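Asks: Using only what follows, build the 3D model:
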Amino acid sequence: MQGFDYLFNDLVQDLNRFIDEKSESRGAAELFGALRGRLGDSNKNLVMATLTCIGNVACAMGPAVEKASKGILADVLKCLGDNKKHMRESTLNTLDSWLSAVHLDKMVPYIAAAWTDAKLGAEGRKDLFEWLSKQLSGLTEFPDAVQLLKPASSALTDKSSDVRKAAETCIAEILRVCTQETVEKLVRDV
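Replies: Here you go, the predicted structure:
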């Protein structure tokens, strides 16, 4: 337990240093570097605290988080590969916070890459499909979602019936928010 306290204190110190920094971008890069290192920790409580911290920083920074974070979202999405439900829920909460800071179009490349990651696991893929379906259901039009059609379609042959069902629902949402011309162009290219 002492190791956790030490690491958590480091995390708090990094966060305080970031808040005190006069140069926002330099401090943010250092902070996200420190947070990224803690996402792979063997102590799952520390990883969940780190995910919460990342979500809070994203909310506080707003759209500037995308540029300052240097792609930490890819590492956040890897946490969906954990077999513990609490870890996946923490990850989805972080995605919600991230979405409140940036528009969904900035997250699309990371989501598409996550679906093709074999380490994500069936539960993680299902959770990500369900999360995205929920986000898309609140939109009327989102042409950038067409980038997700191909990786989502590959999940229709997944071993897990839960993943296939979640992918099917998500594909329906993707098709609903994409313009017909966009989908036709993609199908022609395939």
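
Asks: Burial check on Leu95, number of neighbours?
Replies: By the measure other CB atoms under 10 Å, the count of residues near Leu95 is 26. All C-beta atoms are positioned from the backbone trio N, CA, C, and that covers glycine.

Asks: Now it: closest residue in space that isn't a chain neighbour?
Replies: Trp131 (6.2 Å; CB to CB, 6 or more residues apart in numbering).

Asks: element containing the one you found, please.
Replies: Applying DSSP states H and E as the criterion places Trp131 in helix 121-137.

Asks: Any buried residues in that helix, and which?
Replies: Buried residues in helix 121-137, counted by 16 or more other CB atoms under 10 Å: 121-133, 135-136.

Asks: cool, stretch 41-52 as well?
Replies: So, applying 16+ other CB under 10 Å, buried residues of stretch 41-52: Leu46, Val47, Met48, Ala49, Thr50, Leu51.

Asks: Remind me what the helix or strand containing Val183 packs against, helices and strands.
Replies: Assignment of secondary structure by DSSP H and E places Val183 within helix 180-189. For helix 180-189, the packing partners by 3 or more CB pairs under 8 Å, 6 or more residues apart in numbering; DSSP states H and E come out as helix 149-154.

Asks: C-terminal to the helix it packs on, what's the next element?
Replies: helix 161-177.

Asks: Which other helices and strands does that next one contact?
Replies: So helix 161-177, by 3+ CB pairs under 8 Å, 6+ apart, packs with helix 121-137, helix 149-154.

Asks: Okay, angle between it and helix 121-137 too, please.
Replies: In terms of direction (axes from the mean of the first three to the mean of the last three CA atoms, to 10 degrees), helix 161-177 departs from helix 121-137 by 20 degrees.

Asks: export helix 161-177 as CSV, just CAs?
Replies: Only the C-alpha atoms of helix 161-177 are listed here, as CSV (Å, rounded to 0.1, in the frame of the first residue of the first chain):
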residue,chain,number,x,y,z
SER,A,161,-22.2,-12.6,-30.0
ASP,A,162,-22.3,-9.6,-27.7
VAL,A,163,-19.6,-7.8,-29.8
ARG,A,164,-21.5,-8.6,-33.0
LYS,A,165,-24.8,-7.3,-31.6
ALA,A,166,-23.1,-4.1,-30.3
ALA,A,167,-21.3,-3.6,-33.6
GLU,A,168,-24.6,-4.0,-35.5
THR,A,169,-26.3,-1.4,-33.4
CYS,A,170,-23.3,1.0,-33.9
ILE,A,171,-23.2,0.5,-37.6
ALA,A,172,-26.9,1.4,-37.8
GLU,A,173,-26.1,4.7,-35.9
ILE,A,174,-23.0,5.3,-38.2
LEU,A,175,-25.2,4.9,-41.3
ARG,A,176,-27.9,7.1,-39.8
VAL,A,177,-25.6,10.1,-39.1
